[in-house]
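Trainee: Fold the following, please.
(one chain, ligands or ions: 1)
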Amino acid sequence: MCGIFGIFDHNDAATITALGLHSLQHRGQEACGIVTHNENNFYSEKRLGLVGDNFTKKDVINKLPGKYAIGHNRYATSGKTFLRNVQPFFADLAGGGLSIAHNGNLTNSLSLRHKLVDKGAIFQSTSDTEIIIQLIARSRRTNFVDKLIDALFQIQGGYSLVVMTGKKLIGVRDPFGIRPLVLGDLDGSPILTSETCSLDIIGAKFIREIENGEIVIITDNKIKSIKPFPEIKCRPDIFEYIYFSRPDSELGGKSIYQCRKNFGIELATESKTKADIVTAVPDSGMPAAIGFAEQSKIPFELGLIRNHYVGRTFIEPAQQVRQFGVRLKHNANHNCIRGKKIILIDDSIVRGTTCLKIVQMLNNAGAKEIHMKIGSPPIIHPDCYGVDTPKQDELLAAVKKNIKDMAKFIGVKSLSFLSVEGLYRAMGCKKRNEDTPQFTDHCFTGDYPVVPIDKALDKSKFDQLSFLSNVNI
Ligand code: AMP
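Mentor: Predicted structure coming up:
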């Protein structure tokens, strides 16, 4: 996933960027970085871990002078977690310094990387973002924006970028607008950020969303917009609404919180069950559970309590850590669970790790019956645009034969999912347009807006690149 942030011409650029990244922490917790420049030099600080643990101290911020800054929170969906994979990346090109922060995943990164290595390119990282820098560096065009456009025409996938040169701050959103990017303003200093919640934290104004396929170029006292790609309909990733964005953010003019509540309302309409209480897997299932309780008139209770000092379970990449994390994170509220028929709501099931542990916990706490209801459809297709659900054989709904089998595996009396139609209704659409769906919803439907071409390639071709992973810098 990842969170990106950039600010142009502000006296406290590094501090503002640290605050912005802090409010985007939910988009990636493995590592973070800030690059600034002060018209003479670029300065870069990158750390493994959380923004609050790394960028609150004066000694770090003091190493980041200048009125121009970009920052990045990392959630590894491509490339391993070494410091050299941490963004923003910086490079000295023929025309001057360049720094880049990227949210998303390129679907043709392996083939591009292979071609570039063949031509003698030297890669410092295993991240797909470095490919964009290499393509910019090799472009024959003369001005920087043209070089960038040249690179953009070669990459495919879901991406939002913030790019900083000595004179410009540039924001880019992919042709389908799969990943989000918004423009804000803090006392006359333009801001580019993944989500609107990061404008609130610094008291900045929301100006507008960057459109799909749009490049916004910010220079002294000017914001220019260009759209080099053929116009197509925007298809933001529905997963931003289901899970990734913070509930206090707005995307596509819609409140994320309200959309999630609507998922619960639709779910209650589609799947009626008698029960004593509705409870949620905190925090991800909360808004849908509130909507479900409102619609079904079954009382909502806090049946599970979350320890807020543990990060998002899923964000730890290794499966063992994920399992361990789930137990660290939640506890059953015994008094509220004992002897009750429970409707348990979560936003989604990916690998099934979370619900399996939670159900065991509720059973141990004396629940009489557990009916699990999910505020999105079954995830049966892997992602390739930056959401960390890449392998089909790890997706519970893909490996189990049917929903009954899934329910048995999880250990619940019944299991229901929101239908794709219900999901679209909750988003305020009468129905899903079959020719050009309103959202990127491939995880449920298998309809990929950009065909993941690297999947078709012979992986052994790229094994020569694997030496990179052995060097842990
Ligand atoms: P799992 O435990 O693998 O079934 O993952 C489902 C849990 O992780 C749910 O509680 C979700 O809130 C959260 N989740 C859902 N989708 C994702 C995703 N793509 N990346 C990270 N976490 C997710």
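Trainee: thought residue 413 was touching residue 369?
Mentor: Yes: here residue 413 reaches residue 369: they are 4.9 Å apart, a contact under C-beta atoms under 8 Å. Where C-beta positions appear, they are placed from N, C-alpha and C, glycine not excepted.
Trainee: Contact partners for the closest residue to residue 417 other than its chain neighbours?
Mentor: In space, and not counting its chain neighbours, residue 417 is closest to residue 374: 4.7 Å by C-beta to C-beta, 6 or more residues apart in numbering. By C-beta atoms under 8 Å, 6 or more residues apart in numbering, residue 374 lies in contact with 267, 345, 346, 347, 348, 349, 415, 416, 417, 418.
Trainee: So the first one: helix, strand or coil?
Mentor: With DSSP: H, G, I helix; E, B strand; the rest coil as the basis, the three-state label of residue 267 is helix.
Trainee: do residue 335 as well
Mentor: With three-state DSSP as the criterion, residue 335 reads helix.
Trainee: ok, it to the ligand distance?
Mentor: 23 Å (C-beta to the nearest ligand atom, to the nearest Å).
Trainee: show me where the stretch 351-473 of the chain has strands.
Mentor: Ranges of strands within the stretch 351-473 of the chain are 369-374, 414-417, based on DSSP state E, counting those that start in this stretch.
Trainee: Out of those strands, which is the most enclosed?
Mentor: Burial of those is given as mean neighbour count (mean count of other C-beta atoms under 10 Å); strand 369-374 ranks first at a mean of 24.
Trainee: May I ask which helix or strand encompasses the closest residue to residue 236 other than its chain neighbours?
Mentor: Using C-beta to C-beta, 6+ apart and skipping residues adjacent in sequence, the residue nearest residue 236 is residue 177, 5.3 Å away. Under the criterion of DSSP states H and E, residue 177 resides outside all helices and strands.
Trainee: Does residue 177 touch residue 229 like I think?
Mentor: No: Residue 177 lies out of contact with residue 229 (C-beta under 8 Å); the separation is 10.9 Å.
Trainee: Up against the ligand, what does the chain have?
Mentor: 243, 281, 284, 314, 346-355, 387-389 (C-beta under 6 Å from any ligand atom).
Trainee: 5 Å - rerun?
Mentor: Listed as neighbours of the ligand in the chain under the rule C-beta under 5 Å from any ligand atom: 243, 284, 314, 346-354, 387-389.
Trainee: So which of those belong to helices?
Mentor: The helices, defined by DSSP state H, take in 353, 354 from the residues of the chain next to the ligand.
Trainee: Pull out the buried positions in stretch 49-68.
Mentor: 50, 51, 54, 55, 61, 64, 66, 67, 68 (16 or more other C-beta atoms under 10 Å).
Trainee: Now that stretch: average pLDDT?
Mentor: Rounded to a whole number, the mean pLDDT of stretch 49-68 is 94.
Trainee: now what about that stretch, what contacts it?
Mentor: Defining contact as C-beta under 8 Å, 6+ apart, one finds that stretch 49-68 is touched by 7-11, 13-15, 18, 21-22, 25, 29-32, 34-39, 41, 43, 45, 47, 73, 164, 169, 311.
Trainee: Now, of these, which are buried?
Mentor: By 16+ other C-beta under 10 Å, these give 7-10, 13-15, 18, 21-22, 25, 29-32, 34-37, 43, 45, 47, 73, 164, 169, 311 as buried.
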